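Participant: this one's structure only:
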């Protein structure tokens, strides 16, 4: 049975979307993955661009509210927050076995030219990919 994982960030526009995409790519046989935000907005075009460079299309992902998932009674074995506001304000889901915090810089806060911000977002993407791969390796489901 797949373990259910929820990634949460403030807007569900970049970091949580990237993390969910990488867990789907590398752990799809073991995990059912969703992402959500405290105050969902539109997908960050920087995140869409850097993931496209990595061969993953997230352009069709729809940001959603963590509070909507909570009200729907969704259950997860692991909740991973990827920013401090999410760690501080995430609702307490019943039955969560693990709650983790992986803080990453927010591409929405980057300043500079498009190319400078794209470069910074690539760094965030790469850190998220490494973190997801390490976590999968440490939490591989025997079978």
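Facilitator: Sure thing, it's come through. Because the structure is a prediction, the values reported are computed rather than measured. Numbers count the residues shown, from 1 in each chain.
Participant: wouldn't residue 64 be in contact with residue 39 here?
Facilitator: No - using CB atoms under 8 Å, residue 64 makes no contact with residue 39, being 11.2 Å away. Glycine gets a C-beta too; all of them are placed from N, C-alpha and C.
Participant: centroid residue for the chain?
Facilitator: In the chain, the centroid-proximal residue (CA atoms, centre = their mean) is residue 16; its distance is 2.0 Å.
Participant: quick one: residue 30 and residue 78 touch, right?
Facilitator: No - Residue 30 is not in contact with residue 78 according to CB under 8 Å; the separation is 11.4 Å.
Participant: I would like the residues contacting the helix or strand bottoming out on mean pLDDT in the chain, please.
Facilitator: Sorting the helices and strands of the chain by mean pLDDT, DSSP states H and E puts helix 84-89 at the bottom, at a mean of 81. Identification of contacts with helix 84-89 by CB atoms under 8 Å, 6 or more residues apart in numbering yields 8-10, 16, 37-38, 66, 81, 101, 103.
Participant: Which parts of stretch 74-85 count as buried, going by neighbours?
Facilitator: Across stretch 74-85, burial judged by 16 or more other CB atoms under 10 Å covers 76-83, 85.
Participant: Could you do stretch 52-60 as well?
Facilitator: Within stretch 52-60, judged by 16+ other CB under 10 Å, the buried ones are 54, 56, 58.
Participant: quick revisit: mind picking the two most distant members of the buried residues of stretch 74-85?
Facilitator: Greatest spacing in those, by CB to CB: 77 and 85 (22.9 Å).
Participant: Distance check, the residue nearest to the centre of the chain against residue 22.
Facilitator: 11 Å (CB to CB, to the nearest Å).
Participant: and the lengthiest helix in the chain, what does it pack onto?
Facilitator: Ranked by residue count, the top helix of the chain under DSSP state H comes out as helix 114-138. When contacts are defined as 3 or more CB pairs under 8 Å, 6 or more residues apart in numbering; DSSP states H and E, helix 114-138 packs onto helix 15-27, helix 45-53.
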